[in-house]
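**Student:** I would like the atomic coordinates for the input below:
(2 chains)
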Amino acid sequence: MEVKVKVLKNKPAPWDVKREIIVKEEAETNLKYGCPPNQRPLQQHIRYGFVNLDKPRGPSSHEVTAWVKRILNILHAGHGGTLETLI
Amino acid sequence: MTGVLPIALEDSTKTLQVVLAGGKEYVGVMKLHGNVEYERIIEVFNEFVGEIYQRPPVRASVKRRLRKRKIYYSRVLEVEGRNVLFKVGCQSGTYIRKMIHDIGEILGCGAHMAELRRIRAGPYTEDKNLVKLQDLADAYADWKEKGDEEALRKLILPVETSIELTPKVYVKDSAVDAICHGAHVAIPGIVKLSSNIKQGELVAILTLKEELVALGKAKMTTEEILEKDYGLAIKTERVIMQPGTYPKTW
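**Tutor:** Numbers count the residues shown, from 1 in each chain, chains lettered A, B, ... in the order given. From the prediction side, this is the model:
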């Protein structure tokens, strides 16, 4: 039992891991290139986009993903973990 | 079952692996098949943490070999008669229905899962930017029919939201294009980085404008990268940014 508790203390949930950013060297970025994520043109925004979808009850995760593809008229989409349907 | 189902669009599908690595949180209702003392239910839930073994259900779409999964926490929120409202934080790929069945066996009376809602998948949570299918369809129509892109822009999140829980390495403009072509990240290209990077860990490679360039495997720890002046720090694995976005300097 004690061993189990030890393992857990060493392994916090991924969302509980605290990290900070450490600077190694000062550097600047040229505004001529690239684009900050929240300023992308809409087509690009979709291409490099995620939807935090509220999955409805009933259809499978796979079906819902296919609907999103059809709604947004895109070729590829994938989901982050199947939410099973209740049988 | 309902709740958080992050959908990666087009090029973002390349980062789904880090979303999966971020774990899951659920709330659900367990239906007991008999009467059990309140304290006993609490006790069994609180103890159901750490590494557990599960065999995928018969109708699962994956190979049915025994898998090891971590339960980060599991607790009871409320008990009403034979209904138990619970909350669980676990590794991706944990079968909550199976876990609830097993808890029922331990309690002696048997139990099944009556309701389940996912409230977290990696960095995506129920209380931040959760979108309904209908809203997405309406926003798309606004854009296509009225040229109004504001609603759609708001519902879609940049791919960078998917790496929120992932350790990060920021690189100089001059290093970006080579990485887009698959080059690995060498120490001189690194400007800043997350603390506690371990060897072998998956890291996100970003520009100083916070754009995701690629995902890679750390070959050095944070301390080593800070100490050394040269050497291979990150092995590039999946490139997300289009080559040519930054100038070619190599």
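**Student:** Now do the contacts for B:A214.
**Tutor:** Neighbouring residues of B:A214 by Cβ atoms under 8 Å, 6 or more residues apart in numbering or on different chains: B:179-180, B:204-205, B:236-241. Just so you know, the C-beta spots here come from the backbone N, C-alpha and C atoms, and that holds for glycine as well.
**Student:** Mind putting these into JSON lines with pLDDT and neighbour count?
**Tutor:** Formatted as JSON lines, the contacts of B:A214 follow (pLDDT from 0 to 100; neighbours: other Cβ atoms under 10 Å in any protein chain shown):
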{"residue": "B:I179", "pLDDT": "98", "neighbour count": "23"}
{"residue": "B:C180", "pLDDT": "98", "neighbour count": "21"}
{"residue": "B:A204", "pLDDT": "98", "neighbour count": "25"}
{"residue": "B:I205", "pLDDT": "98", "neighbour count": "32"}
{"residue": "B:T236", "pLDDT": "98", "neighbour count": "19"}
{"residue": "B:E237", "pLDDT": "98", "neighbour count": "16"}
{"residue": "B:R238", "pLDDT": "98", "neighbour count": "15"}
{"residue": "B:V239", "pLDDT": "98", "neighbour count": "20"}
{"residue": "B:I240", "pLDDT": "98", "neighbour count": "22"}
{"residue": "B:M241", "pLDDT": "98", "neighbour count": "22"}
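**Student:** taking those one by one, which sit in strands?
**Tutor:** B:204-205, B:236-239 (DSSP state E).
**Student:** Redo those residues as CSV? Include distance to B:S12.
**Tutor:** As requested, these are arranged in CSV below (distance: Cβ to Cβ, whole Å):
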residue, distance to B:S12
B:A204, 13
B:I205, 15
B:T236, 18
B:E237, 16
B:R238, 11
B:V239, 13
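**Student:** Would you map the helices across the chain?
**Tutor:** Let's take chain A. Taking DSSP state H, the helices of chain A run over residues A:2-10, A:42-47, A:61-72.
**Student:** my bad, the chain I had in mind was chain B
**Tutor:** In chain B, the segments counted as helices under DSSP H are B:16-21, B:38-47, B:96-107, B:133-146, B:150-155, B:173-180, B:222-227.
**Student:** Looking at these, spot the one closest to chain A.
**Tutor:** The closest of those to chain A is helix B:16-21. By Cβ to the nearest Cβ, the value is 3.9 Å.
**Student:** what about the closest one and chain A, any contact?
**Tutor:** Yes - using Cβ under 8 Å from any Cβ of the partner chain, we find that helix B:16-21 touches chain A at B:16, B:19-21.
**Student:** Next, the buried residues of that helix.
**Tutor:** Of all the residues in helix B:16-21, those buried under the rule 16 or more other Cβ atoms under 10 Å in any protein chain shown are B:16-20.
**Student:** do you know which of the helices of chain B lies nearest B:A121?
**Tutor:** Smallest distance to B:A121 across those (Cβ to Cβ): 6.3 Å, for helix B:16-21.
**Student:** What count of nearby residues applies to residue 40?
**Tutor:** You didn't say which chain, so I picked chain A. Residues within reach of A:R40, counting by other Cβ atoms under 10 Å in any protein chain shown, total 20.
**Student:** my question was about chain B
**Tutor:** Using other Cβ under 10 Å, the number of residues around B:R40 comes to 12.
**Student:** Could you list the low-pLDDT ranges of chain A?
**Tutor:** Judged against pLDDT under 70, the low-scoring parts of chain A cover residues A:1-10, A:85-87.
**Student:** what about 50?
**Tutor:** A:1-8, A:87 (pLDDT under 50).
**Student:** what's the longest strand in chain B?
**Tutor:** Longest among the strand segments of chain B by residue count, using DSSP E, is strand B:67-80.
**Student:** got a pLDDT number for the residue of chain B most remote from its centre?
**Tutor:** The outermost residue of chain B, judged against the average C-alpha position, is B:N35 (36.6 Å), by Cα atoms, centre = their mean. Listed pLDDT for B:N35 reads 97.
**Student:** quick one: it and B:R82 touch, right?
**Tutor:** Yes - counting by Cβ atoms under 8 Å, B:R82 is a contact partner of B:N35 at 7.1 Å.
**Student:** Which residues are in contact with the residue nearest the centre of chain A?
**Tutor:** Centroid-nearest residue in chain A, with Cα atoms, centre = their mean: A:F50, separated by 6.4 Å. A:F50 sits next to B:6-9, B:12, B:124, B:156-159, B:161-162 when contact means Cβ under 8 Å, 6+ apart.
**Student:** Now do the contacts for residue 47.
**Tutor:** You didn't say which chain, so I picked chain A. Going by Cβ under 8 Å, 6+ apart, the list of residues near A:R47 reads A:74, B:9-12.
**Student:** One more: B:G89?
**Tutor:** Counting by Cβ under 8 Å, 6+ apart, B:G89 makes contact with A:13, B:23-25, B:71-74, B:120.
**Student:** again with B:A178
**Tutor:** Residues in contact with B:A178 (Cβ under 8 Å, 6+ apart) are B:248-250.
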